[in-house]
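# Need coordinates for the below:
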Amino acid sequence: YYQIFVYGFADGNGDGVGDLKGVEQKLDYIADLGFNGIWLSPIHPSPTSHKYDVTDYLSVDEEFGTLDDFKSLVAAAHGKGISVMLDMVFNHTSNHHPWFEAAQQAYREGKESKYRSYYMFTDNQGDSYETFGGYSHMPKLNLDNEDVRGEIDAICKFWLKDCQVDGFRLDAAMHFYGNASKNISFMQWLMSTAKKYNPDVYMVGEVWDNAETIYSHYADDSVQSFFNFALSTADGGNQIPAIVGASVTDKSGELKNVVEAKENGTAKGIDALFASNHDTLRVANSAALGYVSRRTNKFDVSMYERHKMGIALLYTQTGNVFNYYGNEIGLRSGLRISTSDDYLDHTYRTAMDWGADSETTHENGFAYQSYGMSTLYGEYDDYLGGVAEQVDDQSSLYNFYRRIMLLRRQNPEIARGTSSFVAYEDTDVAIIVRTYNGKSVLLVYNLNNTESKTVNVAQIIADNNLQGTLAGFLSADNGRDVKFKGSVLNMPQFSLAVIR
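As a prediction, this is how the structure comes out:
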């Protein structure tokens, strides 16, 4: 899946704001990169730029276009084999939603109204109520209320049946009730409801917590996936990125621990892998895998190679990949120009750089002009270039990401298989047999950042009835390829090989 913050991705009508027409125009780019699904940030009407406080669940914010524009996008995406996932906020609404305004008015006039029980008011005046994150403009919905569930049912029908949407990303899923058991019960009801309108509906939930808490939310007949924050570069994560860093010495042993816990924890579903998202520093600036300082603007070549190896290691684990738009070209977080949360969020949601010849480059502050973000990059040099500069450059970061996705697509065992680790004397080398539907591939990683490795895999090939052919490889150093001859791999530093 390719995650899109619509406001900053592509402008289809020339008004300086990303929109649905812009997304539709870039579907070929997404498909060529190797993704067969898109996740759109909230597109519903909202008074904020992030739109996670909805005022109408059954329409499209006019900044992004019309409902017809959305239906056109869905049809075009489906025509290219791309599924469409909407970001759905069932945990709370905007305080400007008509439901909430009607509830407050009823309280203040001393009248009965069904909307009073849509929310969790804690006084008799309608002034005090439970919120999401302490934000007064995000009142929490009462998800036990049958009328609220009826509204959610209608929302599911509208988007999944009438508009042919393929799935939902569930915002703030761990906050539905505050404990895993009740959260799961609600999500099981939600999945049952959604399947009435799309039997193949796919959902992924946001549970931003440690690995144990994330894995505790997997259950039968429920949401299929949860974002694996533990493996990402997000705060509280870093399990996979740390393995390519200096702090972990037994790299294969640590990878084995992480992968076995991950595959056991997600056995009832499909893991959702990501490096960064709209709420975190972009991976290019992250502490774990960043290679350009936000403050000094220095480009670190060794960290750039570490970045590529970290992404390759993460994206070749089992599960679905969710790539935040622009990560594939090294798009960076902007400078923080305000202490408010809204502006902090904007630094993570930088405008897509389509290249020097495009009207949607960061130089003109694309998609942020109305929020004071025209100097998003300031005097930062663009080391890697935009899309136009990278697409035809086989050594570019874009093409490194593209090769990762190609390996996943050509070898379905990578995404859907189960892992068995092969013991090896060098702890910088990790060897995994990944098996799916009776077929296996061999994944061999050189996790050392300075030394090449020679690995004889003859016995492993024989033990697992493999053909012994090199299906593909990735090398963080573009000038050094993996070589395979006579069952012996010659692997440069920070590289991986796939053998069938």
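
# Now do the same for Gly386: its pLDDT.
As predicted, Gly386 sits at a pLDDT of 86.

# Wait, Gly269 touches Gln224, no?
Yes. Between Gly269 and Gln224 a contact is recorded at 4.7 Å, counting by CB atoms under 8 Å. From N, CA and C alone the C-beta is placed, and that goes for glycine too.

# And the helix or strand hosting Gly150, what does it pack against?
Element membership for Gly150, per DSSP states H and E: helix 146-156. Secondary-structure packing of helix 146-156 (3 or more CB pairs under 8 Å, 6 or more residues apart in numbering; DSSP states H and E): helix 180-195.

# quick one: buried residues of the helix it packs on?
180, 183-184, 186-187, 189-191, 193-194 (16 or more other CB atoms under 10 Å).

# Which elements pack onto that helix?
helix 146-156, strand 167-170, strand 202-205.

# Using JSON lines, please lay out those together with mean neighbour count.
As requested, the helices and strands packed on helix 180-195 are exported to JSON lines (neighbours: other CB atoms under 10 Å):
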{"stretch": "helix 146-156", "mean neighbour count": "16"}
{"stretch": "strand 167-170", "mean neighbour count": "26"}
{"stretch": "strand 202-205", "mean neighbour count": "23"}
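
# now these as a markdown table including mean pLDDT and distance to Thr249?
Output for these, formatted as a markdown table (pLDDT from 0 to 100; distance: least, CB to CB, whole Å):
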| stretch | mean pLDDT | distance to Thr249 |
| --- | --- | --- |
| helix 146-156 | 98 | 49 |
| strand 167-170 | 98 | 37 |
| strand 202-205 | 98 | 34 |
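
# residue closest to the middle of the chain?
Phe322 (3.5 Å; CA atoms, centre = their mean).

# And it, how far from Ile460?
According to CB to CB, to the nearest Å, Phe322 and Ile460 sit 31 Å apart.

# on that earlier part again, which one of the buried residues of helix 180-195 is nearest Asn446?
Asn446 lies nearest to Ala180 out of those, by CB to CB, at 38.4 Å.

# Spatially, what comes nearest to the closest one if we skip its sequence neighbours?
Leaving aside its sequence neighbours, Ala180 sits nearest to Ser216 (CB to CB, 6 or more residues apart in numbering; 4.7 Å).

# And Tyr436, how close does it get to Arg416?
Counting by CB to CB, the gap from Tyr436 to Arg416 is 5 Å.

# and the buried residues of helix 180-195 as a markdown table, adding pLDDT and distance to Phe9?
Below are the buried residues of helix 180-195 laid out as a markdown table (pLDDT from 0 to 100; distance: CB to CB, whole Å):
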| residue | pLDDT | distance to Phe9 |
| --- | --- | --- |
| Ala180 | 94 | 34 |
| Asn183 | 98 | 30 |
| Ile184 | 98 | 33 |
| Phe186 | 98 | 31 |
| Met187 | 98 | 28 |
| Trp189 | 98 | 33 |
| Leu190 | 98 | 28 |
| Met191 | 98 | 29 |
| Thr193 | 98 | 30 |
| Ala194 | 98 | 26 |
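
# Mind picking the one among those that's closest to Leu470?
For the buried residues of helix 180-195, the nearest to Leu470 is Met191 (41.0 Å; CB to CB).

# Would you check that the closest one makes contact with Pro199?
No. Using CB under 8 Å as the test, Met191 is too far from Pro199 to be in contact (10.8 Å).

# Minimum distance to Ser475: which of the helices and strands packed on helix 180-195 has it?
Of all the helices and strands packed on helix 180-195, strand 202-205 comes closest under CB to CB, at 31.1 Å.

# Direction included, what does the closest one pair up with?
If you go by DSSP bridges, strand 202-205 pairs up with strand 167-170 (parallel), strand 225-226 (parallel).

# number of nearby residues for Asp250?
12 (other CB atoms under 10 Å).

# Touching, it and Thr427? I think so.
Yes. Between Asp250 and Thr427 there is a contact at 4.6 Å, judged by CB under 8 Å.

# List the residues that contact Asn95.
53, 101, 136-139 (CB atoms under 8 Å, 6 or more residues apart in numbering).

# For Tyr135, see how far away it is.
In terms of CB to CB, Asn95 sits 9 Å off from Tyr135.

# Common neighbours of those two, please.
Common contact partners of Asn95 and Tyr135 (CB under 8 Å, 6+ apart): Asp53.
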